[in-house]
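Student: Requesting a structural model of the entry that follows:
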Amino acid sequence: MGETNMYVILAKYLSFGGPNGNDKTTQYCEFLLANLYVDDPDRDQVQRWLNQFQQEQTANTRRIDMTRSLLVQPQVFSKPISPGCVRRIENERNDWIFRKPIFMDRLSDKDEFNWEVIIHGPTNTPYENGKFKIHIRFTELYPLKPPNCQMVTTIFHPNIDKSSGEICLDLLRENWKSTLTIGNILKGIFDLLQEPTAEYCMQPDKGILYLTNRDEFNRLAKEYTVTYAI
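Tutor: Residues are numbered from 1 along each chain as shown. You can find the predicted model right below:
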């Protein structure tokens, strides 16, 4: 088959818009060119090659994804991730899927090391009827070190920083132990919504208001819940 006819076939059957330098185009062109040994292959033949290529790429991607979770760590990690760390996170995730507590609405994960959890506001509090999103980011040191937890939903609370969403919870600091779980952390956050700890607050003005004028605190917290909660 002549060179001109070869490029006609490439242009006709490639849906990538011609060579543009991306890996997928390059891989497919190499695959297709390697199989252009039949004189004037028809459309069905080229389509079969395309299907074969796509199947191989899908299988390779799955294998890569399965391996990446164990061997390749995101850039935020400064040390290799141990298989034990991965297993612990997976086990906790599976446990929460099957044992979802009544105060939790749902759990989703962007990847193994970044979770988003939605929890319900406790009843008989200004957070009632609100849903609050919490971002949990594991490090390579989990469970020796606690995960980073951030309240994504804006909330009026003395123990939660309004700007960063940082949560002042003893389990995430000096009282952390490797035997504790994400379940313990989320229960601790739920309890914090139920009864703030004004003595150890990140927002001193809110802590003072909570201690000196509970009605006004509840009014503002309820207002934030109505405005910002999910």
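Student: Give me the helix or strand of the protein that scores worst on average pLDDT.
Tutor: When the helices and strands of the chain are compared on mean pLDDT, DSSP states H and E, helix 3-13 comes out lowest with a mean of 46.
Student: Just the C-alpha atoms of the strand or helix carrying residue 93, please, in CSV.
Tutor: Using DSSP states H and E, residue 93 sits in helix 83-98. The C-alpha atoms that make up helix 83-98 are tabulated as CSV, following Å, rounded to 0.1, in the frame of the first residue of the first chain:
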residue,chain,number,x,y,z
PRO,A,83,0.1,-1.4,51.7
GLY,A,84,-1.1,-1.5,55.3
CYS,A,85,-2.1,2.1,55.1
VAL,A,86,-4.1,1.4,51.9
ARG,A,87,-5.8,-1.7,53.4
ARG,A,88,-6.8,0.2,56.5
ILE,A,89,-8.4,3.0,54.5
GLU,A,90,-10.2,0.6,52.3
ASN,A,91,-11.5,-1.5,55.3
GLU,A,92,-12.8,1.7,57.0
ARG,A,93,-14.5,2.8,53.9
ASN,A,94,-16.2,-0.5,53.4
ASP,A,95,-17.2,-0.6,57.0
TRP,A,96,-18.9,2.7,56.8
ILE,A,97,-20.7,1.8,53.6
PHE,A,98,-22.3,-1.2,55.4
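Student: Quick check: buried residues in that helix?
Tutor: 85, 86, 88, 89, 92, 96 (16 or more other Cβ atoms under 10 Å). Every C-beta, even on glycine, is put in place using the N, C-alpha and C of the backbone.
Student: Going along the chain, name the helices of this structure.
Tutor: Secondary structure of the chain (DSSP state H): helices at 3-13, 23-34, 43-71, 83-98, 182-194, 204-212, 214-228.
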